[in-house]
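Asks: heads up, no residue letters with this:
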């Protein structure tokens, strides 16, 4: 993995992915006690940064292989990113989802052009179903984070942050990234290490699911005990990846963790002050910036708001409890 | 009023106002039966396009006059736009608001650096208070729409739409604009008439408050019977302005009107599909595009989403009723 791969991904994404804005508000600055800049990836196609990685991976395939189609396992943001990227390339996609996934997610993924294959979590083996389909149809598996072209695609977010932070006059700051398996974080870290070395990348995770922060401390890949129990479903990955972890280890400062309630507060603050919709897992970085300022250094902080795919009930819960 | 004034305003706004994104979603295209492009001015500083006009007007003042400060009458988006523009110029602002305005709006306007002067709607004369203050302190009144430099500032939205629509491959479309007094609409119409003549500007208003649509039909300035009774508070202006109406008359196609319920539906659709927060008055254009497609011509429609300053209760109402 290197900067050239990210720049090549950026060239393939040009005109297809959105260049999302870097937003701010004096009201957020006041809460945080420093300048707060928010990279609004919730405004990316399909509502999260995952479209970047999906497009990067699909567009990087050899044309003949691409024609046969792609496959992904996901009930969430990666599914939608891959489905739309495949559709826009005019190639088939198969998304393997648990049969008990929310109906709306299944419908959305289908509406984005994917063939959704449902499996029974209790009785069927997802990997076996995927392997059979791939072999039969020649589908290429696109993994959610531990895949070079996916990391390169997510890293294009970092190229934009480097330019936008410079335009905003910020050349030294912590860059807080909502972190699951580390694809987005490692991509951004690679981009910033060369493009804006004064910007220090740090992971943010939900409390109790801080596998990356613990891995960074211990120097080896640590796992979470559980895969559920936080509202931040988008980033409850069990452990950092074999590809992503060495990059995180080399380039990132210590990781942070925030309680779920702070994510709800940050969602309400983003609603009132930035007019954007964040999902809980997409709000952990902003939550750290606003409500844990003592763990951050410097006059400015940059937060990646990684996604906005939240249902009305959860969003209403944030507003009811915390909107001013 | 001419294009040169808008281009001069754009030069003054550069690096200060945000270039807001033009968003879209295949799900919205499907509802509308054509391509839908949404100019997200809710993401502008202070949560609405009004910052453009405020900045344009304050920055256009003679330096000596500007030093003395500015004054505006508003309890809404114009107040916040002027207050922040004055603060960023380092000059004082006075905003005259009714004493019964929502506490949060008063607090926000103060937090943006304005001196808020409250008056009793029943017993005091707002204009007299303003005139006295202006005379005593040499404050310049910045009117909300019937003011050339304000129109020029709002018109910068049109310059961006022309460029962004061209980049999206759209050179012929109806451009729907949420319309109160016509400052935003007339500014955009002036910009597009020269920069993208295939884009036809049309006003959208709340049903029962369609003074502009009726004025365009009759050829003279018509008034609304009432100034309240719609949830679209930001655009319940009694009639188009003396400056704005001739521009609208010369450049705009027939106006549209939508019921309040369609605004709530559009707010929910923008939440789910675009991840942006719209206020009811900022959603009328999107509501027309999505739910009144038979009144629009062409393969694409552009909607200006003019503001997002909505409280959690109203937003929750939209989500409870209409979010998928």
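Replies: Thanks, I have the structure now. All figures in this text were calculated on a predicted structure; none of them were measured in a lab. Numbers count the residues shown, from 1 in each chain, chains lettered A, B, ... in the order given.

Asks: can you give me the end-to-end span of stretch A:304-312?
Replies: The first and last residues of stretch A:304-312 sit 22 Å apart, counting by CA to CA, to the nearest Å.

Asks: so that stretch, near chain B or not?
Replies: Yes - applying CB under 8 Å from any CB of the partner chain, one finds stretch A:304-312 in contact with chain B at A:308, A:311, A:312. Where you see a C-beta, it was placed from the backbone N, CA and C, and this is true even at glycine.

Asks: got a list of what whichever residue of the stretch 51-200 of chain A sits closest to chain B touches?
Replies: Residue of the stretch 51-200 of chain A nearest chain B, by CB to the nearest CB: residue A:104 (6.2 Å). Neighbour list for residue A:104: A:311, B:324 [criterion: CB atoms under 8 Å, 6 or more residues apart in numbering or on different chains].

Asks: hmm, back to that, by neighbours, which of the residues of stretch A:304-312 next to chain B wins?
Replies: residue A:308 (28 neighbours; other CB atoms under 10 Å in any protein chain shown).

Asks: give me the phi and psi for it.
Replies: The phi/psi pair for residue A:308 (degrees, to the nearest 10) reads phi -130, psi 20.

Asks: my guess is it contacts residue A:276. True?
Replies: Yes - between residue A:308 and residue A:276 there is a contact at 6.8 Å, judged by CB atoms under 8 Å.

Asks: any common contacting residues for the two?
Replies: With CB under 8 Å, 6+ apart as the test, residue A:308 and residue A:276 both reach A:42, A:43, B:275.

Asks: helices along chain A, start to end?
Replies: A:3-13, A:26-32, A:50-60, A:63-68, A:77-89, A:103-111, A:126-137, A:148-167, A:183-195, A:211-218, A:244-251, A:260-273, A:284-291, A:312-322 (DSSP state H).

Asks: can these go into a markdown table with extra columns for mean pLDDT?
Replies: Below are these laid out as a markdown table (pLDDT from 0 to 100):
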| stretch | mean pLDDT |
| --- | --- |
| helix A:3-13 | 98 |
| helix A:26-32 | 97 |
| helix A:50-60 | 98 |
| helix A:63-68 | 96 |
| helix A:77-89 | 96 |
| helix A:103-111 | 87 |
| helix A:126-137 | 90 |
| helix A:148-167 | 98 |
| helix A:183-195 | 98 |
| helix A:211-218 | 98 |
| helix A:244-251 | 98 |
| helix A:260-273 | 98 |
| helix A:284-291 | 98 |
| helix A:312-322 | 97 |
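
Asks: and the stretch 201-324 of chain A, which of its residues are near chain B?
Replies: So the stretch 201-324 of chain A meets chain B at A:268, A:271-272, A:274-278, A:308, A:311-312, A:315-316, A:319-320, A:323-324 (CB under 8 Å from any CB).

Asks: hmm, try it at 6 Å
Replies: Selection of the stretch 201-324 of chain A residues close to chain B by CB under 6 Å from any CB of the partner chain yields A:271, A:275, A:277, A:308, A:312, A:316, A:319, A:323.

Asks: dump these to CSV, plus distance to residue B:178.
Replies: Shown next, in CSV, are those (distance: CB to CB, whole Å):
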residue, distance to residue B:178
A:271, 20
A:275, 15
A:277, 20
A:308, 23
A:312, 23
A:316, 25
A:319, 23
A:323, 23
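
Asks: tell me which of the residues of stretch A:304-312 next to chain B is nearest to residue B:82?
Replies: residue A:308 (30.4 Å; CB to CB).

Asks: okay, buried residues for stretch A:202-209 please.
Replies: Neighbour-count burial for stretch A:202-209 flags A:202, A:203, A:204, A:205, A:206, A:207, A:209 (criterion: 16 or more other CB atoms under 10 Å in any protein chain shown).

Asks: return the residues in contact with residue A:102.
Replies: If you count contacts by CB atoms under 6 Å, 6 or more residues apart in numbering or on different chains, residue A:102 has none.

Asks: out of the shared contacts of residue A:308 and residue A:276, who's nearest residue A:218?
Replies: residue A:42 (32.1 Å).

Asks: tell me the pLDDT at the closest one?
Replies: Looking at residue A:42, its pLDDT reads 98.

Asks: does it touch residue A:305 like I think?
Replies: Yes - assessed by CB atoms under 6 Å, residue A:42 is found in contact with residue A:305 at 5.5 Å.
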